[in-house]
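Student: got a predicted structure plus its sequence, pasted below:
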Amino acid sequence: MFNHLPLQLQLLTSSALSRSSVVSIRSLSTQPRRSYSSSLPSSSSTSIFPSSSPVPHRSVISVGGKDATKFLNGITGVKIPDSFSGRPFYGSFLHAQGRILFDVHLYPHPPTSSFLIDFDSRTSPALIPAIKKFVLRSKVSLKDVSDQWDVWAAWDHEQAKEDGLRSWKWGTGESAGLVGWEKEQTMLPGTSGGAEGESPVGLEEEVGGWDLRAPGMGWRGLVRKGGRPSLASPSTSSSPPDPSSYTLHRILHGVPEGIEDIVPMSALPSESNLDFMGGVDFRKGCYVGQELTVRTYHTGATRKRIVPVKLVPLSTNDSDASSSSPLPLPTPSTDVRLVAISPSPSSSTSPSSPAPSSRGRSSGKILSSVRTPEGDVVGLALLRLEQVGSVWRGEGEMSVEGEGEGAGKWKVEPREVGWWPKREVEVEVGERE
């Protein structure tokens, strides 16, 4: 399945890493720049996204008032526009220690002179109590408007594509800040966000735009309770849309979201790929969590990242054709273990096999996972980059064991993400034959 993904999430060939005995993740260049084509449909009749779904587990709040921009600028990891107009954008709220509290989407909303913010509804404490302590004397109003808005995503348009040139600026460590993303927005016909494209149903009923976290993510926005996006194909089914289709969509594009992937008070911005996705700004001035975040960018090392994985059953139900029920998916935050592979001593041509160690070394954590329509299982995992390299070089295998009755064991196959910024790899020359 992964061989046909839009982002070509394929295994990195071991031959690319076999030129030396040691490969460092540290890089030597300051590029890259990635461009994406733009081909916007000329009429609203063709502005249809064939795939759409509500985004599960999201709540919405409104932040308004005279000091709303100044207030949000001081507590979010991204730059907030000076007015309540413009395109939606991705962002984050950080703890003073630099760890992530919320990954959010922010929508300027002129009709209410406010910013609408969607966030994971399962987070405790919720967003309003978490930021209310920073209001002090600021002229700001905070309101839960989840009863007024639904969060939707739409994708798979064959003609409408994101426009712009994405470029990243690498720090001394392994973080890469996305720069120039403000210039990447090309208006979708019939969407909100500026004078060039007012929504056909009005900003009172819908607000949204490109989801710029990764190429191919499509449209994301807020729709009045019970409605559907104006750019989504009309539903032909009497059944409600399946939110798991969105989960599969973002996993296939290597995009983490919500508390299962970005664990509050545990996840770090660079490890969660917020630097790649534009969810944190290393050039911005003071904000909560800024000091440690920028220090990591300039002097730290990112040893772990969230990567897409394919899960292959190694035991019980999914490998048994006669089984009546599939193997339960691994619980989020379950340990992923790396077992070294050693060649058989009997023959130099014998296939490699796992070392005798029963559990292996800890490599990270499995995060969200979902089954594809074809029956494959894909997911995201927070993994040590050094050990991912070991798997790609054929030096080890990763696995995760489920918990509870009927749980089995899964082989974890890390995948490379095509849209990630690339840097030249520094090769430390070791002994060669």
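Tutor: That came through, no problem.
Student: pLDDT of stretch 107-115, averaged?
Tutor: If you average the pLDDT over stretch 107-115, you get 93.
Student: how about it: buried residues?
Tutor: Along stretch 107-115, these residues count as buried under the neighbour rule (16 or more other CB atoms under 10 Å): Tyr107, Pro108, His109, Thr112, Ser114, Phe115. (Glycine included, C-beta is placed from N, CA and C.)
Student: only the C-alpha atoms, please, for it, written as CSV.
Tutor: Taking Å, rounded to 0.1, in the frame of the first residue of the first chain, the C-alpha atoms of stretch 107-115 are listed here in CSV:
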residue,chain,number,x,y,z
TYR,A,107,-9.1,30.9,12.0
PRO,A,108,-9.3,34.7,11.8
HIS,A,109,-13.1,35.5,11.8
PRO,A,110,-14.1,39.0,10.8
PRO,A,111,-17.8,38.7,11.5
THR,A,112,-17.1,38.2,15.2
SER,A,113,-13.8,40.1,15.4
SER,A,114,-12.2,37.1,16.9
PHE,A,115,-9.9,34.2,16.3
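Student: and it, how far from the chain's centre?
Tutor: Between the centre of stretch 107-115 and the centre of its host chain there is 25 Å, according to CA atoms, centre = their mean, to the nearest Å.
Student: circling back: which of the buried residues of stretch 107-115 fall within strands?
Tutor: Within the buried residues of stretch 107-115, residues falling in strands by DSSP state E are Tyr107, Pro108, His109, Ser114, Phe115.
Student: so what's the closest residue to Ile128 other than its chain neighbours up against?
Tutor: With CB to CB, 6 or more residues apart in numbering as the criterion, Ile128 has its nearest non-adjacent residue at 5.1 Å, and that residue is Leu142. The contact partners of Leu142, taken as CB atoms under 8 Å, 6 or more residues apart in numbering, are Ile61, Ser62, Val63, Ile128, Ile131, Lys132, Val135.
Student: and which of those is nearest to Asp211?
Tutor: When those are compared for distance to Asp211, the smallest value, 19.3 Å, is given by Ile61; criterion: CB to CB.
Student: helix, strand or coil: sort out Gly375 for me.
Tutor: Following DSSP: H, G, I helix; E, B strand; the rest coil, the label given to Gly375 is coil.
Student: find the centremost residue of this protein, please.
Tutor: Val255 (2.3 Å; CA atoms, centre = their mean).
Student: for that one, give me its contacts.
Tutor: With contacts taken as CB under 8 Å, 6+ apart, Val255 has the following neighbours: Arg213, Ala214, Met217, Met277.
Student: now the nearest residue to Asp261 once chain neighbours are set aside: which helix or strand?
Tutor: With CB to CB, 6+ apart as the measure, Leu367 is the residue that lies nearest to Asp261, at 4.5 Å, once sequence neighbours are left out. Secondary-structure element containing Leu367, defined by DSSP states H and E: strand 361-371.
Student: my reading is that the residue nearest to the centre of the chain lies in a strand. Confirm?
Tutor: No - the assignment for Val255 (three-state DSSP) gives coil, which keeps it out of a strand.
Student: if I look at it, how far off is Ser233?
Tutor: As judged by CB to CB, to the nearest Å, Val255 and Ser233 stand 22 Å apart.
Student: do the same with Phe119
Tutor: Taking CB to CB as the measure, Phe119 and Ser233 are separated by 27 Å.
Student: which of the two has more residues huddled nearby?
Tutor: More neighbours sit around Phe119 than around the other of Phe119 and Ser233, counting by other CB atoms under 10 Å; the figures are 27 against 15.
Student: three-state assignment of the more buried one?
Tutor: Recorded secondary structure, Phe119: strand (three-state DSSP).
Student: and the strand holding Leu367, what does it pack onto?
Tutor: For strand 361-371, the contact count by 3 or more CB pairs under 8 Å, 6 or more residues apart in numbering; DSSP states H and E identifies helix 244-252, helix 258-261, strand 304-313, strand 335-342, strand 377-384, helix 385-392 as packing neighbours.
Student: which of these sits closest to Ile75?
Tutor: Distances from Ile75 to each of the helices and strands packed on strand 361-371 were compared using CB to CB; the minimum, 19.2 Å, belongs to helix 258-261.
Student: residue boundaries of the strands in the stretch 1-150 of the chain?
Tutor: 22-27, 33-36, 51-54, 58-64, 89-94, 100-109, 114-120, 141-144, 149-155 (DSSP state E, counting those that start in this stretch).
Student: now the ones you listed in CSV, with distance to Val400?
Tutor: As requested, the strands of the stretch 1-150 of the chain are arranged in CSV below (distance: least, CB to CB, whole Å):
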stretch, distance to Val400
strand 22-27, 23
strand 33-36, 32
strand 51-54, 27
strand 58-64, 27
strand 89-94, 27
strand 100-109, 23
strand 114-120, 23
strand 141-144, 37
strand 149-155, 28
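Student: neighbours around Lys133, how many?
Tutor: For Lys133, the neighbour count with other CB under 10 Å is 8.
Student: next: Ser362.
Tutor: As a burial measure, Ser362 scores 12 neighbours (other CB under 10 Å).
Student: so how far is Phe89 from it?
Tutor: Look at Ser362 and Phe89: by CB to CB, they are 36 Å apart.
Student: again, but for Arg58
Tutor: If you measure Arg58 against Phe89 using CB to CB, the figure is 16 Å.
Student: likewise Thr76?
Tutor: For Thr76 relative to Phe89 (CB to CB), the value is 10 Å.
Student: common neighbours of the two, please.
Tutor: Both Thr76 and Phe89 are in contact with Leu106, where contact means CB under 8 Å, 6+ apart.
Student: might you report the residue contacts of the residue nearest to Asp261?
Tutor: Leu367 sits next to Pro256, Glu260, Asp261, Ile306, Pro332, Ser333, Gly379, Leu380, Ala381, Leu382 when contact means CB under 8 Å, 6+ apart.
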